[in-house]
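[1] Here is a sequence with its predicted model. Questions after.
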Amino acid sequence: MIEPKIVKDLLAAYKKTREGRKAYLRRRRLLFAVIGLLVISALILLPLYYYSDVIMGPPAGVHSVSGPGEWAMYAHDPAHTSNAGSPNLPSVTMKVIFTAGGAINSSAVVANGVVYFGSTDSQLYALDAATGDKLWNFKTGGWIESAPAVHNGIVYFGSNDGKLYALDSKTGKEQWEFKTRYAIKSTPAVADGKVVFGSTDYRVYALNEKNGKKIWSFSSQNWLLSSPVIFNGMVCIGSMDGFLYTLNINDGRIRLKYDTRSSISNSAVATGSTFYFVDYNKLYAIDAHSRNWPKENDLVPYWRTAYIYGWAPKPPGASGFLWMLPFKDPMKGSPVLTDNKLIINTGDKLIAIDSSQQKPIWNFQIPGAQLTSPSLANGIAYTGSTDGYVYALDVSTGEKRWDVNIGEKLTSTPVIADGRIYMGTPSGRLYMIE
């Protein structure tokens, strides 16, 4: 016969085991509930984060502009309008104000009465904008083939040595530098405390403008030669991989990857809710606020194949697409925007397009020459040409107002500031028309 004490101990042990089992089951249920909650939250929050603006959308209104009378960055402003507004127009007096030790392949910029430009002699120059007197120069380890940007007293520019430099705009003293793997031919854009640029190492970088520390980077699939547009908190940049990318300036998160199937080397222009850009021979209008649906660029090729064989309905159009215009001749520069007109360069011809009707309004041609992308001011479009002339055209009609013979071929976009036009040449001369 079992003693009562043993029975009591067995019952106590059983009760303890039972309570432990219940506690274990409660903990497991709680763990499963937490895991389930995390999974559900991830399923809800991750799509909201990556495919909507509910969580950390781009900050509207984030872009910077050149000051009155200035042209402080490539194409005048981060929207790349190339429109200086309504400054006093030059009276067509031309002179050479400086000769560099190498070709001037990119546009100059003008801020606070100083002209800044780079050259294939690896130097960045700062000149008095009125006299051309050299204020300072800075030596890099490679050619400088993109325009600088001036913001809050700092000059930012890239070099073929793979570095992005930040210099004091008054003294030329280096503040910081950032090294990428390969040459930087993309002009930086500055907004929201960030310096954004592309590199031939396939990446877009956003750096802290004060110390040059990397905030984020984004990888494309080929060289990035075009300059980024920063507009309403979005970064828009084209790549030689044939895609136009729009990114959130906060963290570089991709919003849209638009496939043109042709390399993009020229920069876009932004206005309202639209990005305009060109590839080899087509002009595109893209909805700036559009996003890809999940895995769009991966799934659409299979969907198209299934549609061809009759296995699936016709796939939807590409996200963001508004319209496209093809042209016979290849594009030679970025589009320029004024009111509802887009002015594009097809080599020896400038063509004005009505952006609302997608129809040509006028064209201006110099047979056999190559025209530069124009710059706009007070209803006049200014363009240089390899025939050695600078032309001033009426934006409304395309009629020539005047021209001036520089005497050598012109390949960089004119820059307009304080009633003067500045243009560099392959010979290294910087011309001023006033």
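    Here it is on my side, so go on. Residues are numbered from 1 along each chain as shown.

[2] residues in contact with the closest residue to Gly113 other than its chain neighbours?
    Of all residues not flanking Gly113 in the chain, Ala129 sits nearest, at 5.0 Å (C-beta to C-beta, 6 or more residues apart in numbering). All C-beta spots, glycine's among them, are computed from the backbone N, C-alpha and C. Neighbouring residues of Ala129 by C-beta atoms under 8 Å, 6 or more residues apart in numbering: 110, 113-115, 417-418, 420, 422.

[3] backbone phi and psi for Ala129, please?
    As for Ala129, its main-chain torsions (degrees, to the nearest 10) stand at phi -70, psi -30.

[4] got any ranges where the stretch 1-150 of the chain has weak pLDDT?
    1-3, 5-11, 14, 41-91 (pLDDT under 70).

[5] how about the helices in it?
    Residue ranges of the helices in the stretch 1-150 of the chain, as given by DSSP state H, counting those that start in this stretch, are 4-51.

[6] ok so, going back, now, of the contacts of Ala129, which are buried?
    Using 16 or more other C-beta atoms under 10 Å as the burial test, the contacts of Ala129 include 110, 114-115, 417-418, 420, 422 as buried.

[7] Strands of the stretch 251-400 of the chain, start to end?
    Along the stretch 251-400 of the chain, the segments classed as strands by DSSP state E, counting those that start in this stretch run 254-259, 269-271, 274-278, 282-287, 321-326, 336-338, 341-345, 349-354, 359-365, 375-377, 380-384, 389-394, 400-405.

[8] Which one, of the ones you listed, ends up nearest to Thr93?
    strand 400-405 (8.6 Å; C-beta to C-beta).

[9] how many degrees apart are that closest one and strand 359-365 in direction?
    Following axes from the mean of the first three to the mean of the last three C-alpha atoms, to 10 degrees, one obtains 30 degrees for the angle between strand 400-405 and strand 359-365.

[10] who does strand 400-405 touch, helix- and strand-wise?
    Under the contact criterion of 3 or more C-beta pairs under 8 Å, 6 or more residues apart in numbering; DSSP states H and E, strand 400-405 touches strand 389-394.

[11] Partner strands of the strand it packs on and their direction?
    strand 380-384 (antiparallel), strand 400-405 (antiparallel) (DSSP bridges).

[12] Which residues does it contact?
    94, 350, 364, 366, 371, 374, 379-385, 399-406, 410, 414, 421, 423, 433.

[13] Apply the buried test to these and list what passes.
    Buried, going by 16+ other C-beta under 10 Å: 94, 350, 364, 366, 371, 374, 380-385, 403-404, 406, 410, 414, 421, 423, 433, out of the contacts of strand 389-394.

[14] quick check: domain ranges of the chain?
    Under the assignment automatic domain parsing, the domains of the chain span 1-55, 62-433.

[15] Deepest-packed of those domains, please.
    domain 62-433 (a mean of 19; mean count of other C-beta atoms under 10 Å).

[16] any idea how far Gly379 is from Leu337?
    Per C-beta to C-beta, to the nearest Å, Gly379 is found 14 Å from Leu337.

[17] Now render the contacts of Ala129 as a markdown table, adding distance to Pro228.
    Listed next are the contacts of Ala129 as a markdown table, based on distance: C-beta to C-beta, whole Å:
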| residue | distance to Pro228 |
| --- | --- |
| Val110 | 21 |
| Gly113 | 27 |
| Val114 | 24 |
| Val115 | 23 |
| Ala417 | 22 |
| Asp418 | 27 |
| Arg420 | 27 |
| Tyr422 | 23 |
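
[18] circling back: save the strands paired with strand 389-394 as a markdown table, and put in mean pLDDT and distance to Leu342 too.
    Listed next are the strands paired with strand 389-394 as a markdown table, based on pLDDT from 0 to 100; distance: least, C-beta to C-beta, whole Å:
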| stretch | mean pLDDT | distance to Leu342 |
| --- | --- | --- |
| strand 380-384 | 90 | 12 |
| strand 400-405 | 90 | 20 |
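
[19] So which of the ones you listed is nearest Val300?
    strand 380-384 (38.6 Å).

[20] quick one, that closest one and strand 349-354 angle?
    Put simply, strand 380-384 runs at 150 degrees to strand 349-354, going by the same axes, to 10 degrees.

[21] how far out from the middle of the chain is stretch 172-180?
    21 Å (C-alpha atoms, centre = their mean, to the nearest Å).
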